[in-house]
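Build me a model from this:
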Amino acid sequence: MAGGLQKLGQSAFARPQATPYNQSVSCQENTMKSLSLVVMSVAFLLSAPAMAEVYKYVDANGKVVFSDQPPPGAKAKSVNVRATQPAIQASAPAGKAKTPLSETDKKNAEIDAENAKINEKNKKTAQQNCKNAQDNLAGLQKNGRVYVPGSNNLASDAQRQAYIQEAQKNVQSWCNQ
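Model prediction:
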């Protein structure tokens, strides 16, 4: 006896007993079968009107009429109204057909637009900083008397020259971009 001990009355090839896992698989199989049956039934019912016949005739007023029932006492022609595959439009050159933008392309376009706005704001800020640096340098060069920032003391000539050099660096930094 290979494979261990067996219970009495049970063969070596007996089907395993149902466990909660096996029961859930069986339940899933039944659900899938039921679902596929429902889907097929709905598809059949929806296709029934498409298979109905359509009749074409001219009424007493001379108008062409389409109906699902032939008129009593009038000649009516049966019309084939089955859906066909749409013809491929040849107006667009091959390989150059416009396709709708994917979600990624839309997001990238939004990001590019936002970056353009930010770059424009940065450019305006840099222009304003350049003007402020030029005004500061002109004020330092024009006035002989400069106060030390944060106090009421006048700056020495060496301090004033250091402030002018820093103002010149700021002008170069902001205006030479």
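
just checking, next helix/strand downstream of the helix ranked longest in the chain?
The longest helix of the chain (DSSP state H) is helix 103-142. Where DSSP states H and E defines the elements, the next helix or strand beyond helix 103-142 is helix 157-175.

Output the below-cut-off pLDDT ranges for this protein.
Applying pLDDT under 70 to the chain flags the ranges 1-29, 44-52, 81-99, 177.

cutoff 50 now
Residues of the chain meeting the criterion pLDDT under 50: 1-2, 22-23.

Now do the longest helix of the chain: which elements does it pack against?
Judged by 3 or more Cβ pairs under 8 Å, 6 or more residues apart in numbering; DSSP states H and E, helix 103-142 is in contact with helix 157-175. (C-beta placed from N, C-alpha, C; glycine too.)

Go through the helix it packs on and flag the buried ones.
160, 163, 167, 170-171, 174 (16 or more other Cβ atoms under 10 Å).

Identify the residues contacting that helix?
126, 129-130, 132-134, 136-137, 140-141, 146, 148, 155 (Cβ atoms under 8 Å, 6 or more residues apart in numbering).

could I get the residues you listed as CSV with distance to residue 71?
Putting those into CSV (distance: Cβ to Cβ, whole Å) gives the following:
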residue, distance to residue 71
126, 81
129, 85
130, 86
132, 89
133, 91
134, 92
136, 95
137, 97
140, 101
141, 102
146, 105
148, 106
155, 108
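
Buried ones from these, can you make that a ChimeraX selection?
To isolate the buried ones among those in ChimeraX, judged by 16+ other Cβ under 10 Å, type:
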select :129,130,133,136,137,140,146,155
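
contacting residues around residue 140?
Here residue 140 is in contact with 146, 160, 163-164, 167 (criterion: Cβ under 8 Å, 6+ apart).

nearest to residue 31, of these?
Using Cβ to Cβ, residue 167 comes nearest to residue 31 of those, at 79.6 Å.

Find the nearest non-adjacent residue to the closest one, please.
residue 137 (3.9 Å; Cβ to Cβ, 6 or more residues apart in numbering).

residue contacts, that neighbour?
Per Cβ under 8 Å, 6+ apart, neighbours of residue 137: 164, 167-168, 170-171.

Make JSON lines out of those residues and add distance to residue 74.
As requested, those are exported to JSON lines (distance: Cβ to Cβ, whole Å):
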{"residue": "164", "distance to residue 74": "105"}
{"residue": "167", "distance to residue 74": "100"}
{"residue": "168", "distance to residue 74": "100"}
{"residue": "170", "distance to residue 74": "95"}
{"residue": "171", "distance to residue 74": "95"}
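
Name the nearest of those relative to residue 39.
residue 170 (73.4 Å).

how close does the closest one get to residue 146?
Residue 170 is 15 Å from residue 146, where distance means Cβ to Cβ, to the nearest Å.
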